[in-house]
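Peer 1: Dropping the sequence and predicted coords here.
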Amino acid sequence: MIRMSSSVVLGFDLSTQSLSVLILSGQAELGKKWETEREYSINYDTDLPEYKTKGGVLRAGDGTVTSPTIMWVEALDIVLTRMKEDGFDFSRVVAISVSGQQHGSVYWKKGSESLLSKLDSSSSLRSQLKDTFSREQSPVWMDSSTHHICQEIEELMGGSQKVSSLTGSCCFERFTIHQIAKIFREDKQAIENTERISLVSSFLTSLFASRYAPIDPADGSGMNAMNIVTKKWIPEILEYATPGIDLGSLLGDIRESYETVDNVSEYMQARYNFSPSCLVIVGSGDNPCTMAGLKLHIGDMAVSLGTSDTLFGPIESVVPSQNVGSMMCSPLVPNQFMGMVCMKNGSFTRQEIRDKFAYGDWKTFSEILSKTQPGNDGKIGFYFLEREIVPFVKGFHYFSVDKEVQESDWSPEAHVRGVVESQFLLIYLHSRTLGFNLKGILATGGGSKNEEILKVLSNVFGVPVMVGEVAKSAALGSAYRALHGYYCHREQTLVPFSTVVGDLEFTRKIEPDHEAHKVYLGMLDRYSHLLQEIVEK
């Protein structure tokens, strides 16, 4: 039995494999610290096996990857019912917001909003909404079946740099507009029978408001359809995607991330005892919500050292590049942006070098790093075990001075230091391209447990590296955003996000060796030149 008296916000995260909700509780005074009270999670594969998903998705042989839309609806039924059965007091909830896997889309049949507004509280959402989607399957971010459409849009708009300058990213197969265009070409009738196209975040938000929820600029940035400066749909791209159909009206309005959609629906009030005053805040994507969950502000950047390495964080001005990552509108500050780059060759590649040159032991790997010198005696290696995203290359290359040599020409120690330095020099170059002006880095993921690896990261960038692991960071970010939206609504003004949630939190801090940083700065031009040689080959 859950017994509490403080106010609560709920942060939902509809991710690829699960639906999670994080309960954040605290006192309503602005500036007071709110604490995580509990979380619930539904795994689609195990809790809803009848949909036959693997990893939450269904795959076709042509690169098409989807999830059953009604499965997401049923997951919400289940998680809310479990909370109710546990005695959770929904009347304490003052605000709700949502994080949704970016790029995915949901297709509502004509007449669906009318049905949403008349839901019967004695019946589940699934039973009432099972026939409301013009497409039963929702395309998700893992889909790679739209390459030809990406090429056509880039040609239409005058090249990848033009698309990137307008939308924040060059055309990626997973981005929403390409999925819409593909469906229009394969199943035009479905689009003609569609009343609203939601992103995953606005879809789940709609279930709480019982009306179509708007798309926010941060999630809208992952569509290749929105101008990231004006935050308006781009008419030429929309017309290309669904010629003869007003796609802008199907996508609906774009609203700021902190705004209120509505009060929670009468259905939710009657079925679960939500308070009529509970606010539903505009939803956003999982990547923007993760930034919110980590409390990143200007000058901060997160580097997630996982199977892949990902850098992301807030920046003040947009610097779109056709070659490096994505730019998105910030979900926290209306006139700021978020830069993000993912590199496939992260911990998995470091582990490959560990197994080959450090006896498969991270302790030995760390000892080698601690005993070797920054700069690796002039040796520069490139370790692309998997085909990298940027640069689009694969393979291992080794250079002593400016001459390419064989793997066997280097000692095991040189390879251990070489892989870490090379990966972090690449991250450094990407961060400069995106316009980061750093004061500090928050390191997360499995690699952040290795002190010697983090020392190299700190020395390459010349800034402190903080270590912190935030569980369920996307759900936490949506809870923080619910809290932010609640205060903005209450005060009838834009309250700074930092005033609501405070500053970045960490468990330990590593300071840079500035002499080592000078060594790495001196390597950058040569590193860039050698990398370009590899790309041109």
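Peer 2: Perfect, thanks for sending it.
Peer 1: so where's this protein shaky on pLDDT?
Peer 2: Scanning the chain for pLDDT under 70 picks out the ranges 1-5, 320-323, 469.
Peer 1: now with 80?
Peer 2: Applying pLDDT under 80 to the chain flags residues 1-5, 28-29, 31, 318-325, 402, 468-471.
Peer 1: State the distance from the spatially most central residue of it to residue 166.
Peer 2: Residue closest to the average C-alpha location in the chain (CA atoms, centre = their mean): residue 287, at 1.8 Å. Remark: distance between residue 287 and residue 166 (CB to CB, to the nearest Å) = 20 Å. Where C-beta positions appear, they are placed from N, C-alpha and C, glycine not excepted.
Peer 1: got it, and residue 158?
Peer 2: In terms of CB to CB, residue 158 sits 10 Å off from residue 166.
Peer 1: more crowded one of these two?
Peer 2: residue 166 (21 against 11; other CB atoms under 10 Å).
Peer 1: Could you measure from that one over to residue 518?
Peer 2: Residue 166 is 39 Å from residue 518, by CB to CB.
Peer 1: And the strands in the stretch 401-537 of the chain?
Peer 2: All strands of the stretch 401-537 of the chain, identified by DSSP state E, counting those that start in this stretch, fall at 403-405, 440-444, 465-467, 508-510.
Peer 1: what do you get for the stretch 151-300 of the chain?
Peer 2: Here the stretch 151-300 of the chain has its strands, by DSSP E, counting those that start in this stretch, at 194-199, 226-227, 232-233, 260-263, 279-281, 284-285, 300-305.
Peer 1: which one of those strands is the most hemmed in?
Peer 2: For the strands of the stretch 151-300 of the chain, the largest average neighbour count (mean count of other CB atoms under 10 Å) is found in strand 284-285, namely a mean of 35.
Peer 1: Quick one: residues contacting the nearest residue to residue 365 once chain neighbours are set aside.
Peer 2: Nearest non-adjacent residue to residue 365, counting by CB to CB, 6 or more residues apart in numbering: residue 358, 4.1 Å away. Residues counted as contacts of residue 358 (CB atoms under 8 Å, 6 or more residues apart in numbering) are 364, 365, 368, 412, 416.
Peer 1: Would you format those residues as JSON lines with distance to residue 126 and neighbour count included?
Peer 2: Shown next, in JSON lines, are the contacts of residue 358 (distance: CB to CB, whole Å; neighbours: other CB atoms under 10 Å):
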{"residue": "364", "distance to residue 126": "53", "neighbour count": "15"}
{"residue": "365", "distance to residue 126": "49", "neighbour count": "26"}
{"residue": "368", "distance to residue 126": "55", "neighbour count": "21"}
{"residue": "412", "distance to residue 126": "57", "neighbour count": "15"}
{"residue": "416", "distance to residue 126": "53", "neighbour count": "27"}
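Peer 1: Stretch 395-412: end-to-end distance?
Peer 2: Length of stretch 395-412, first residue to last, CA to CA, to the nearest Å: 18 Å.
Peer 1: For that stretch, what is the distance to the chain centroid?
Peer 2: 36 Å (CA atoms, centre = their mean, to the nearest Å).
Peer 1: Next: stretch 91-108.
Peer 2: Using CA atoms, centre = their mean, the offset of stretch 91-108 from its chain centre is 14 Å.
Peer 1: cool, stretch 58-78 as well?
Peer 2: Using CA atoms, centre = their mean, the offset of stretch 58-78 from its chain centre is 19 Å.
Peer 1: where's the closest residue to residue 319 other than its chain neighbours relative to residue 174, distance?
Peer 2: Leaving aside its chain neighbours, residue 319 sits nearest to residue 435 (4.0 Å; criterion: CB to CB, 6+ apart). Distance of residue 435 to residue 174, computed by CB to CB: 24 Å.
Peer 1: Please say which of these two ends up with more neighbours.
Peer 2: The neighbour comparison of residue 435 against residue 174 (other CB under 10 Å) goes to residue 174, with 21 against 16.
Peer 1: picking that back up, out of the contacts of residue 358, which comes closest to residue 472?
Peer 2: Comparing those against residue 472 with CB to CB places residue 365 closest, at 29.5 Å.
Peer 1: Mind telling me what element the closest one is part of?
Peer 2: For residue 365, the host element (DSSP states H and E) is helix 362-371.
Peer 1: which outside residues touch that helix?
Peer 2: 350, 353-354, 358, 412-413, 416-417, 420, 450-453, 455-456.
Peer 1: Same question for it: list its buried residues.
Peer 2: For helix 362-371, burial by neighbour count (16 or more other CB atoms under 10 Å) applies to 362, 365, 366, 368, 369.
Peer 1: roughly how far out does that helix sit from the chain middle?
Peer 2: 32 Å.
Peer 1: after that helix comes which helix or strand?
Peer 2: strand 379-384.
Peer 1: Just the buried positions in the following helix or strand past that next one, please.
Peer 2: Using DSSP H and E, the helix or strand that directly follows strand 379-384 along the chain is strand 395-400. By neighbour count on 16+ other CB under 10 Å, the buried set for strand 395-400 is 396, 397, 398, 399, 400.
Peer 1: any idea how far the nearest residue to the second one once chain neighbours are set aside lies from residue 521?
Peer 2: The shortest distance from residue 397 to any residue that is not its chain neighbour, by CB to CB, 6+ apart, is 4.4 Å, and that residue is residue 382. Look at residue 382 and residue 521: by CB to CB, they are 19 Å apart.
Peer 1: And those two? Which one has more around it.
Peer 2: Between residue 382 and residue 521, counting by other CB under 10 Å, residue 382 is the more crowded of the two (24 against 12).
Peer 1: Can you name the residues that contact the more buried one?
Peer 2: 393, 395, 396, 397, 398, 422, 530, 531, 534.
Peer 1: Roughly how far does the second one sit from residue 345?
Peer 2: So the one you mean is residue 395. 11 Å.
Peer 1: what is in contact with those two at once?
Peer 2: Taking CB under 8 Å, 6+ apart as the contact rule, residue 395 and residue 345 both touch residue 384.
Peer 1: ok, now which ones touch the nearest residue to residue 528 once chain neighbours are set aside?
Peer 2: Of all residues not flanking residue 528 in the chain, residue 429 sits nearest, at 6.6 Å (CB to CB, 6+ apart). Contacts for residue 429 (CB under 8 Å, 6+ apart) come out as 524, 527, 528.
Peer 1: go on, residue 318?
Peer 2: 168, 228, 229, 327, 337, 435.
Peer 1: Can you name the two of those residues that sit furthest apart?
Peer 2: Counting by CB to CB, the most remote pair of the contacts of residue 318 is 229 and 435, 14.3 Å apart.
Peer 1: Tell me, how many residues neighbour the nearest residue to residue 262 once chain neighbours are set aside?
Peer 2: In space, residue 262 comes closest to residue 209 once its chain neighbours are excluded; the distance is 4.5 Å by CB to CB, 6+ apart. Neighbours of residue 209 under the rule other CB under 10 Å: 23.
Peer 1: on that earlier part again, what is the nearest of the buried residues of strand 395-400 to residue 143?
Peer 2: residue 396 (30.4 Å).
Peer 1: List the residues that contact that closest one.
Peer 2: 381, 382, 383, 384, 385, 407 are the contacts of residue 396 under CB under 8 Å, 6+ apart.
Peer 1: of those, buried ones?
Peer 2: 381, 382, 383, 384, 385.
Peer 1: just the helices in the stretch 1-150 of the chain please.
Peer 2: 44-47, 69-85, 112-116, 125-129, 147-157 (DSSP state H, counting those that start in this stretch).
Peer 1: That concludes my questions; thank you for your assistance.
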